[in-house]
Structures are given as structure tokens and as C-alpha cells.
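Trainee: I'll drop the sequence and a predicted model, then ask my questions.
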Amino acid sequence: TAHLCTYALEDQKVQVLEEELLALSLELAPNKELYFSNDGKRLFFKARSANRLPKNPSDAVQVWNAADKWIYTAEQQIMGFTRSPLLMAWEPESNRLLQITDTVLPYAAVLNDHYALLWNPKGYEPQASIFPPVDLYLADLSTGARKLVLERQLGTETNWYASPDGHRFAYFKELHWWVYDAVDDSHENVSKGFGASFGGEKQDWTELSKAYGCAGWTPDGTSLLLYDAFDLWQVGVDRRKAIRLTKGRESSMMYRVVRAEGNRHLSAGACKPLVVSLDQRVLLKGSSADHRVNGVYSLDRSLKMDVLYVAEKRIYDLFGEDDALLWIAERYDTPPQLLFKKGALQHKVIAYSNAHARGLERRLEVVHYTAPSGQRLRGLLYYPFHYEQGKTYPLITHIYELQSDKVHHYVMPSKRDGRGFCVGTYLSKGYFVLLPDIAHEFDSIGQSAVHCVEAALNEAVKIAPIDREKVGLIGQSFG
């Protein structure tokens, strides 16, 4: 039997939570994460109902109905959410126990120490959006009271951002950013009237528009750091003032804040605030619209931007602390390298991979073509390893949405690849490989894909000795 215990360092007091759980017919879920509130007075953990419904036996008749909220196999995992872990809060000092989620509102995101957002992902099912809309409820963790605060919000937790004090959260809706204040029970549009568009990109699968993104809040909670297509903005949530912090639009460079992995996560229901201090140097990553040029930059409090590293390479896994910086860089013809830079010193390579492949000649051409909608697209055409002038070669076209952003991705021969198709393997076997961009058109996805792929292929055969009688097509998932 698992027990939940707390140990107070001050008076060496141990408290055990057991009878209170049993009284509610709950069992501790020991394999789930737990954590204290910032003030240390409340412990969040997961429990399961002792009365949860069992799954149907494997030989039971399965009833599949297109009008069901979820399909049969998904419903078997939750059985009306009776099998789902419940988020609980325990206050050891008063021995108060609060059940935050239930079978009606089974999902939660805790906003600091005071409130929690609750929702049910099945509310508007069945439907066709990749993220179903949800109704958001606010639960007061002091009283347990709940109230509806947002209807039909895009149902993914990455679309709301808790303020540092936990009394407000930002969300994107109707092409604008809004802030909800739990104390005043008010919604304010904070991005309207600045002449900037903070969203509008269409999702591939639906007609829903999405935000360009949010970098987080300033530490005092007075401003949000929002993205448009290119730049980072500081938008005041009280004074309704906006400042464009970068100048990417003029050069078609997209700037985004670099942060360590895991800085924001939902751990046992915790919605960790994203905080970016503009009083310190902010590390940025920049990328050109065609993904050819990438760089690492530093923005100081006077909005002066310093170039730390820029190259026609892919840059990823950046980690910065104080004035030291680590990152990985690669090209399609250069294996990954680990680079290091400190202060004003020149960067240096401290490790690299695939040394045996560094002498292998590689060739990549970018083909340009037009989608039926008029959108200009690009495709990546990889030449076979050991390519010989004067010979013709077969070609394989791999299709999957937009792929030209992989222009600098290093490819290596391998039989293991998450996509089920490894470019390097077929290059080593004497094939051209084409990765075309596809601009999907809503309600005509299949035909728009056909037009884009054929247009890319027609451009590829103009510049490379491809045997038109030996062209293959492969894809997985949507492809």
C-alpha cells in the first residue's frame, strides 16, 4: 500500500495522508508526479477512484457508433473518465483535502497557488478539428468553487499562459490575445489596435486560425511577450502599449526567444508560468523565411541586438547561461557539430559526429514552383551519393506537408527513421530523392497535393538526369 507523507524540516514533523483518501474511496497513484505549491502549503498529487469501472472483456461485443464522443477503443481506456487519475490538493497544516478534477471536468492546469483551469476534452466531440474546442472553468483552490470563464476555446493547453502571480492567464481567440483576470472576472483584448497581426496562419487540417506564439510574461506581470510572423513584441496588459523589440520584418527574418527544454510543462497539472526578463540579455534564434540563414542573437535592455553566430546551417539544442552558449549546427553535407562560445571570444567546435562521412560528396538542389493558389513553394532534390555525370537515375518522391525547412538537415544512411523512410539510405543506393512542399487547400487537399507534387517533379527533371520511367512515390501518415 502506498502512503503520501510530508516531512517538515523546521520541527521534523511527519504527516501521513491515508484515512482522508479512503473516506473518499480513492487510492494514491504512486507512479504519478507530485509537487508543492510555491508557498509550500499545498501538495498536488494524483489519485484513482477505487470504484473505477473495469474495461470490457476482450470477447465482449464492441459497439462502434459514429455519433459517439470518442471511438470504442479510446473510451475503454477511461470508461467515462472513472479510470482517469484525479488531481488532488492536500494542505498538511490543516489536513484539508481538495479534489480538483472529477469525471465531469477531468483535465486541469493549475495556475500558480490560487486557481486551476478545468475542462473536458469530449465536450464538443465528435468534430473534425485536430484540437477540439473546450469550455474552460476556473476553480478557486481556497473554496473549491467553480465557474465557466471561457467557451469553445481551442482545446490545447499551449494556448493559455498563466501570469507569474497566478491571478490571470492569457489566451488567443478571434485573432487576438486576451487576458482573463480571476479577481475582477474580466476579459480584456490586449493586442487590438497596434497594427500588428499576432496570428492567422491556417492549420492544415481545419479552417481554424492559430497564434504565432507567446514567449511568456515579464516578471512583474505587466506585459506579455508575443510573436507576429517575424518579430517579438512587448504588449502591456494594463497600459495598452506595444513595443516591437526586434526588426525581423524588414529583412524577412523570424526571431524567437530561446529557452531551455522543459521550462514550461504540465507536471501533475501544473501550468508553469513562462517568464522572460527584459532587464537581462535575452537569447534569440533567428531564421530566414527560406530557412537557409540561421543565427543566434542577444538582445539587451536598450533593444540593441548582438550577433553571436550566424551561418547557412541548421541550429538547434541551444543552451545559454550567463555569457556561455552551447549549440549544435549541421548542414546536409556537414555532420552535426557541438559548438561553444563564451563572451566575446570566437566560437569553437568542441565535438562532431560521423567523422567517417565528412569526405563524402553530397549535392542538394532547391527547386522552385507554384501551387494552384499562386503560393511560391520549394522542393529539396538530393543527388545520389557517388553521382556520375552523364548517367540517369531513378527518383523517389517523399510527400508530407511542408519539407523545405529541412534544407540544412544532415542525412545519413540508416534503416531506422521515424518516418519509415530514410533519405540517406536511398541516396546510397543510387536514387535521387525529392521532398516537395505541399500547400494544402481546405476541401481540396488531395487535388492540391497532386498539383504541387507534379509541379515539383516537372522542375526537378529540368535540372537533373532523372529517368521519368522510374519515379517512385512514398509517404506515411498524411503522406
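Mentor: On my side now, so go ahead.

Trainee: distance between the lengthiest helix in the chain and the chain's centre?
Mentor: Longest helix of the chain, by residue count under DSSP state H: helix 445-463. For helix 445-463, the gap between its own C-alpha mean and the chain's C-alpha mean amounts to 29 Å (C-alpha atoms, centre = their mean, to the nearest Å).

Trainee: Show me the contact partners of that helix.
Mentor: Taking contacts as C-beta atoms under 8 Å, 6 or more residues apart in numbering, the residues outside helix 445-463 that touch it are 365, 367-373, 377, 379, 381, 395, 397, 399, 432, 434, 436-441, 466, 468, 471, 473. C-beta coordinates here come from the backbone N, C-alpha and C atoms, glycine included.

Trainee: What residues of it count as buried?
Mentor: Neighbour-count burial for helix 445-463, counted by 16 or more other C-beta atoms under 10 Å, picks out 448, 449, 451, 452, 453, 455, 456, 457, 459, 460, 461.

Trainee: Just the CA coordinates for it, please, in PDB.
Mentor: Listed in PDB are the C-alpha atoms of helix 445-463, where the atom choice follows Å, rounded to 0.1, in the frame of the first residue of the first chain:
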ATOM      1  CA  ILE A 445      -6.500  18.600 -50.000                       C
ATOM      2  CA  GLY A 446      -6.000  15.600 -52.400                       C
ATOM      3  CA  GLN A 447      -6.000  17.600 -55.600                       C
ATOM      4  CA  SER A 448      -3.900  20.400 -54.200                       C
ATOM      5  CA  ALA A 449      -1.300  17.700 -53.200                       C
ATOM      6  CA  VAL A 450      -1.300  16.200 -56.700                       C
ATOM      7  CA  HIS A 451      -0.800  19.600 -58.300                       C
ATOM      8  CA  CYS A 452       2.100  20.600 -56.000                       C
ATOM      9  CA  VAL A 453       3.900  17.200 -56.300                       C
ATOM     10  CA  GLU A 454       3.600  17.200 -60.100                       C
ATOM     11  CA  ALA A 455       4.800  20.800 -60.400                       C
ATOM     12  CA  ALA A 456       7.900  20.000 -58.200                       C
ATOM     13  CA  LEU A 457       8.700  16.900 -60.300                       C
ATOM     14  CA  ASN A 458       8.400  18.800 -63.500                       C
ATOM     15  CA  GLU A 459      11.000  21.300 -62.200                       C
ATOM     16  CA  ALA A 460      13.300  18.600 -60.900                       C
ATOM     17  CA  VAL A 461      13.600  16.800 -64.300                       C
ATOM     18  CA  LYS A 462      14.600  20.000 -65.900                       C
ATOM     19  CA  ILE A 463      17.800  20.300 -63.800                       C
END
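
Trainee: Any regions of the protein where pLDDT drops low?
Mentor: Low-confidence regions of the chain, defined by pLDDT under 70, span residues 1, 156-158, 201-209, 260-269, 357-359, 413, 418.

Trainee: how close does residue 366 sit to residue 408?
Mentor: Distance of residue 366 to residue 408, computed by C-beta to C-beta, to the nearest Å: 11 Å.

Trainee: what's the answer for residue 255, then?
Mentor: According to C-beta to C-beta, residue 255 stands 18 Å off from residue 408.

Trainee: same thing with residue 140?
Mentor: When C-beta to C-beta is applied, the distance between residue 140 and residue 408 equals 49 Å.

Trainee: More neighbours: the two, which one.
Mentor: With other C-beta atoms under 10 Å as the criterion, residue 140 and residue 408 differ in neighbour count, and residue 408 comes out ahead with 22 against 13.

Trainee: and the residue of the chain most remote from its centre, what is it in contact with?
Mentor: In the chain, counting by C-alpha atoms, centre = their mean, residue 390 sits farthest out from the average C-alpha position, at 45.4 Å. If you count contacts by C-beta under 8 Å, 6+ apart, residue 390 has them with residue 465.

Trainee: Start at 15, not 1
Mentor: Happy to do that; since the first residue is 15 now, the last one works out to residue 404.

Trainee: Quick check: it is in a helix.
Mentor: No: residue assignment for residue 404, taken from DSSP: H, G, I helix; E, B strand; the rest coil, gives coil, which places it outside any helix.

Trainee: returning to that earlier point: write a ChimeraX command that selects only the buried members of the contacts of helix 459-477.
Mentor: Written as a ChimeraX command, the selection of buried residues from these, which uses 16+ other C-beta under 10 Å, is:
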select :381,383,385,391,393,395,409,411,413,446,448,450,451,452,453,454,455,480,485
